[in-house]
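Visitor: Structure for this input, please:
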Amino acid sequence: SVTCLVMPRAGRSLDEILRYENYLTHKTSTTQINFMDQAKNLARNIVEALKNIHTGHSIVHGNLKPKNIVRVGRNQHFRLIDMSSSVKVGDRIGLQQEQYSTGFCPPELAKTLFAVNNKITITIKEIRELEKRQQKFRNDLVAMENMNISSDILEHCRRKIESIQSQIDLHPVVQCPNNKTKNKRPAALPPSSYPKAHPTYDVWSFGVLMYAALTGSSLFFL
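Guide: Residues are numbered from 1 along each chain as shown. Modelled structure (predicted):
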């Protein structure tokens, strides 16, 4: 027999909603109530998800951001996804070779991640991946400039392009003998240098995420 896990089919992520659906319709008086209802619904759904993993399972998500929030069903429910960066409360966070979003993580974690990034090199393969991601943002920007899109969202896209370029310029490049395999970056700091996970980490990220949802712009560009 085969065991299958059946999950609801998700629609767009919050990141895509903010970029493509002109979510910031609260700027006109006729849609003020509708916008606030959507924002409250988003906040309620995410708080419920965080409460479940924090109190029910003692897990810290660790990478709460718009790309990890998806809309499910016709009732505009939002769900939290991607637990690849999650850890148990009290365990060291940041040790996994995952791409944490420093613009949404709390300062004590971001500080450690920056310390790691400043001591590592980057492979040519990883440079190519960054360039592909940067080009995607450039294409999105061109498309949005021809649409009725908020200037805040356009500026956010431009800042993302600049941020990726900074990542490319920051690290020395090394030629990897076998770019066909995934080259994981070793931690440059001892495990004791990484902070211990706590639910307040996700609470910080939740506040930054709601700022993005309410304004259409990132609070930090890191």
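
Visitor: Every contact and neighbour count from this point should use C-alpha atoms.
Guide: OK.

Visitor: Give me the residue at the spatial middle of this protein.
Guide: Lys65 (3.5 Å; Cα atoms, centre = their mean).

Visitor: Then Phe78 would be within a helix, right?
Guide: No: assessed with DSSP: H, G, I helix; E, B strand; the rest coil, Phe78 is strand; it does not lie in a helix.

Visitor: Just the element for the residue lying closest to it once chain neighbours are set aside, please.
Guide: Of all residues not flanking Phe78 in the chain, Arg71 sits nearest, at 4.5 Å (Cα to Cα, 6 or more residues apart in numbering). Assigned by DSSP states H and E, Arg71 belongs to strand 69-72.

Visitor: Who does that strand pair with, and is each partner parallel or antiparallel?
Guide: strand 10-13 (antiparallel), strand 77-80 (antiparallel) (DSSP bridges).

Visitor: how about a markdown table for those strands, with distance to Gln96, mean neighbour count and mean pLDDT added?
Guide: Converted to a markdown table, these look like this (distance: least, Cα to Cα, whole Å; neighbours: other Cα atoms under 10 Å; pLDDT from 0 to 100):
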| stretch | distance to Gln96 | mean neighbour count | mean pLDDT |
| --- | --- | --- | --- |
| strand 10-13 | 24 | 16 | 87 |
| strand 77-80 | 20 | 20 | 93 |
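
Visitor: From Asn148, how far out is the residue nearest to the centre of the chain?
Guide: 25 Å (Cα to Cα, to the nearest Å).

Visitor: Worst mean pLDDT across the helices and strands of this structure, which element?
Guide: The helix or strand of the chain with the lowest confidence, counting by mean pLDDT, DSSP states H and E, is strand 173-174 at a mean of 52.

Visitor: for this structure, which spans come out with low pLDDT?
Guide: Along the chain, the model assigns pLDDT under 70 to residues 22-33, 97-99, 115-123, 167, 169-189, 221-222.

Visitor: Would you state the helices of it in chain order?
Guide: 14-20, 32-51, 107-117, 124-145, 151-170, 199-215 (DSSP state H).

Visitor: Same list (those) but as a markdown table, adding distance to Asn75 and mean neighbour count.
Guide: A markdown table is the format used below for those (distance: least, Cα to Cα, whole Å; neighbours: other Cα atoms under 10 Å):
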| stretch | distance to Asn75 | mean neighbour count |
| --- | --- | --- |
| helix 14-20 | 15 | 20 |
| helix 32-51 | 10 | 15 |
| helix 107-117 | 35 | 16 |
| helix 124-145 | 27 | 15 |
| helix 151-170 | 25 | 16 |
| helix 199-215 | 18 | 19 |
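
Visitor: Relative to Val89, which of those is closest?
Guide: The closest of the helices of the chain to Val89 is helix 199-215. By Cα to Cα, the value is 7.1 Å.
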